[in-house]
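Visitor: Quick one: sequence plus predicted model below, questions after.
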Amino acid sequence: MGVSMVVFPCVLFLSLLIFCSSGSEVVTIDVTEAKNLLQSGYGYIDVRTVEEYKQGHVDTEKIINIPYMFDTPEGRVKNPEFLKQVSAVCKKDDSLVIGCLKGIRSLDATADLLTIGFKNVTNMAGGYLAWVEKGFPVKMEEPAKVEEKQREEL
């Protein structure tokens, strides 16, 4: 009857409490699966900086560049308007793939989007580098400003 009889139920309760309150889990897929989703009609949000985006991006019909972070003299800082900018052009039930350079910023961006109620957002593992490594199509052009994108594009 000792301590383990008391500790185990407490640990189990706390674990369930944390799991249930953590919200949705981020789903991460590889670039091949991401390509298939994009071809099936998913939108793509590239969360890299504008400068990175201009150097090349995933070539897909429904794409928008909304930086998750900005480069500053002090280093990278989170875009304080990111969630507002995404919400301005996407509905919370839109099917979206989120990508960056390596899959790190997009993981954080996807988690943030899930936190505010987006239902069908998926992180692309490996990011743009993995996309290029697979030989998938890329495009180089000036990104349209968020304000210029029409809601129906995504």
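Guide: Nice, I can see it.
Visitor: For burial, what's the neighbour tally of residue 84?
Guide: 12 (other Cβ atoms under 10 Å). Every C-beta, even on glycine, is put in place using the N, C-alpha and C of the backbone.
Visitor: same deal with the one 5 residues further on?
Guide: Other residues lying near residue 89 total 19 when counted by other Cβ under 10 Å.
Visitor: Same check on the one 4 residues further on?
Guide: Residue 93 has 9 neighbouring residues, counting by other Cβ under 10 Å.
Visitor: Same question for residue 88.
Guide: Neighbours of residue 88 (other Cβ under 10 Å): 13.
Visitor: tell me which element it is part of?
Guide: Assigned by DSSP states H and E, residue 88 falls within helix 82-89.
Visitor: now that helix, how far from the chain's geometric center?
Guide: The chain centroid and the centroid of helix 82-89 are separated by 12 Å under Cα atoms, centre = their mean, to the nearest Å.
Visitor: quick one: whichever helix or strand comes after that helix to helix 82-89, angle?
Guide: Downstream of helix 82-89, the next assigned helix or strand under DSSP H and E is strand 95-99. Here the directions of strand 95-99 and helix 82-89 differ by 140 degrees (axes from the mean of the first three to the mean of the last three Cα atoms, to 10 degrees).
Visitor: If you count contacts, what does the helix or strand following strand 95-99 end up packed against?
Guide: Downstream of strand 95-99, the first helix or strand assigned by DSSP H and E is helix 105-115. Taking 3 or more Cβ pairs under 8 Å, 6 or more residues apart in numbering; DSSP states H and E as contact, the helices and strands that helix 105-115 lies on are helix 82-89, strand 95-99, strand 120-124.
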